[in-house]
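S.K.: how would this look folded up:
(chains A and B)
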Amino acid sequence: MSDDLNFVMKARREKLAALEAAGIAPFAYGFDPTHDTAAALRALPPEAEEGPVVRVAGRLVAWRPHGKTVFGHLADQASRIQLYFRRDDLGEDVFRLVELLDLGDIIGVSGPLFRTRTGETTVRVASATLLAKSLRPLPFGKEERVDGRLVRHSGFADPEQRYRQRYADLAVHPEVRRRFVARSRMITAIRSYLDGLGYLEVETPVLQPQYGGAAARPFLTHHNALDMPLYLRIADELYLKRLVVGGLERVYEIGHDFRNEGIDRTHNPEFTMLEFYEAWADYEVMMDRVEALLVAAADSVRAVLAPDRLSAEERLVLPDDSFVHVPEFRPPFPRVEWVPSLNAAAGMDVMALEPASLRQLAERLGVNAVATLNRPKLLDEIFQVLVEGKLDTPTFVVDYPKELSPLAKPRRGNAALTERFELFARGKEMANAFSELNDPIDQRARLEAQARLKAAGDEEAVGVDEDYLRAMEYGMPPMGGVGIGIDRLFMYLTGASNIRDVILFPTMRPE
RNA sequence: GACCCGGUAGCUCAGCUGGUAGAGCAACGGACUUUUAAUCCGUAGGUCGCGGGUUCGAGACCCGCCCGGGUCACCA
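M.R.: Next up is the predicted model:
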């Protein structure tokens, strides 16, 4: 449909005009429900035929006129309940207005509960209030119960339109609402875990004169008044660690990072990152934190999405295939060391290879564009193929080579390594953490090495952040730090295969 | 970025080797006072993603483009 009025929308505008002519205000200011639909369903005892009067509000999601009666279903966030409009109850004048209602209208009703002949709890509508007229048809499908399973017919299936018009996707798919409720609860659980440890939630700049803290291509923008370029942050890390210098000993931030890279089923240009930093802790402590945090996150998601946790009223509106088995995290997670695991998988001492042999190995493993990669990148690629991709159950990879980790402290007892770990599950990175480098002289040398890579054409290498070095020179407490991609964590917990399914408004090309 | 699949009514889809568009639902009109994918009768609704080409004739075939989905690659 083009955006001009098609015949369906014309019909709705005509009904709108008819309602207005009858003195009905089609867009209300509020309503005062006594129950949500789930509470209303519970208010009629199982064997009772008649129940109390309830006031409920929501969207009409089914509409079945039968001459002098109408059956409909009213849905709110909790569940849905059947409505019964009867001309003899409402009077001819009111019933004529009921006939001007449409699927998708938002209404409030009140009336006593009763049980229909087929046993369904229903509101015998005594009065109805139009709260918002729906002028554009929502893509409702039809639903039926087959052996207790909810089966959808037709409906709203085009994934593009579902992402673009998430409001419509949410309006017609209770299970999509449910998924985002679960995501929100997961973030609440993470906050509450960190808050319980005395962490302070903070906000650091999204617009940064110099980006850093990760290896990625940034978005570039411009500030008019200052007439200067600004980057959208690719990580929170360097600002959070500045705060620890300032004496805020436990800080975290949950916010969006922005990376100017491709879009696919695991990448959205903006995504939600959790980072937390804890003074006096090393990476061993942070492994404990990550384990406990993931258990809390998984429990919170399970509480919303596991079938045995849902009430009967909630189950009523959810198709069976929307129930999710949330994986159990069982700490402690196994640990594998970076260099030994790589050497074992490769059958040779990879770190000792000459550049030419290293390239050969990468070629043999199917790494692309080998010629353009520097040594750290080559190592990382080889590791990804041989080790990371094969880690299915949650596993910590520990002690990364120094050249891969410009912000991590050297490993005690082996200065070629760093005290860094990443957590992998189903072949995907779930967390990245280290004992944070707090030696400003070492840090300067590492950043200068990065700057040389950048000058040599590595678009993801970062430059020297003088202000960050200045902060560190004042004295930075030893600390552990962790970064966790919230979208990917939630994907893992819910079995989602596309990041767009866990982001309310994923980045799309304009229509 | 490569490859595969797709874009036809508001929604979900059909349309055989080319003969000028179809169903169900939604909508509109009618019947129906306990239905629940309500049912029954009738009506209306389409630049067949966009542009070019082949052809007497293109939704279908060819070329280009746009948009999307999937797979792979890239992305510490």
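S.K.: okay, CA-based contacts and neighbour counts for the rest of this
M.R.: Noted.
S.K.: can you give me the buried ones in stretch A:449-458?
M.R.: Judged by neighbour count (16 or more other Cα atoms under 10 Å), stretch A:449-458 contains these buried residues: A:449-453, A:458.
S.K.: what's the closest of these to A:Ala21?
M.R.: Nearest to A:Ala21 out of these is A:Asp458 (Cα to Cα; 68.1 Å).
S.K.: rewinding a little: need the buried residues of stretch A:449-458 in JSON lines (columns: distance to RNA strand B).
M.R.: As requested, these are exported to JSON lines (distance: Cα to the nearest atom of the strand, whole Å):
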{"residue": "A:Ala449", "distance to RNA strand B": "12"}
{"residue": "A:Gln450", "distance to RNA strand B": "9"}
{"residue": "A:Ala451", "distance to RNA strand B": "12"}
{"residue": "A:Arg452", "distance to RNA strand B": "14"}
{"residue": "A:Leu453", "distance to RNA strand B": "12"}
{"residue": "A:Asp458", "distance to RNA strand B": "10"}
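S.K.: so for stretch A:244-254, what gets flagged as buried?
M.R.: Within stretch A:244-254, the residues that count as buried by 16+ other Cα under 10 Å are A:244-245, A:248-254.
S.K.: ok, back up a step: so which of the buried residues of stretch A:449-458 sit within helices?
M.R.: Among the buried residues of stretch A:449-458, DSSP state H puts A:449-453 in helices.
S.K.: for those residues, give me TSV that also has pLDDT.
M.R.: Rendered in TSV, the data for those read as follows (pLDDT from 0 to 100):
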residue	pLDDT
A:Ala449	86
A:Gln450	83
A:Ala451	85
A:Arg452	85
A:Leu453	80
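S.K.: RNA strand B contacts on the stretch 401-511 of chain A?
M.R.: Residues of the stretch 401-511 of chain A found near RNA strand B (Cα under 7 Å from any atom of the strand) are A:404-406, A:460, A:497-498, A:508-511.
S.K.: out of those, which are buried?
M.R.: Among those, those scoring as buried are A:404-406, A:498 (criterion: 16+ other Cα under 10 Å).
S.K.: coming back round to it: looking at the buried residues of stretch A:449-458, which is nearest A:Asp380?
M.R.: Using Cα to Cα, A:Asp458 comes nearest to A:Asp380 of these, at 14.3 Å.
S.K.: pLDDT at that closest one, what is it?
M.R.: A:Asp458 carries a pLDDT score of 75 in this model.
S.K.: any idea which residue of the stretch 201-350 of chain A lies closest to RNA strand B?
M.R.: Closest residue of the stretch 201-350 of chain A to RNA strand B, Cα to the nearest atom of the strand: A:Ala214 (3.5 Å).
S.K.: A:Ala433 in helix, strand or coil?
M.R.: Here A:Ala433 takes the strand state, with states given by DSSP: H, G, I helix; E, B strand; the rest coil.
S.K.: same question, the one 5 residues further on
M.R.: In the three-state summary, A:Asn438 is assigned as coil, counting by three-state DSSP.
S.K.: OK, contacts around the closest residue to it other than its chain neighbours?
M.R.: The spatial neighbour of A:Asn438 that comes closest, neighbours along the chain excluded (Cα to Cα, 6 or more residues apart in numbering), is A:Met476 at 5.5 Å. By Cα atoms under 8 Å, 6 or more residues apart in numbering, A:Met476 lies in contact with A:244-245, A:438-439.
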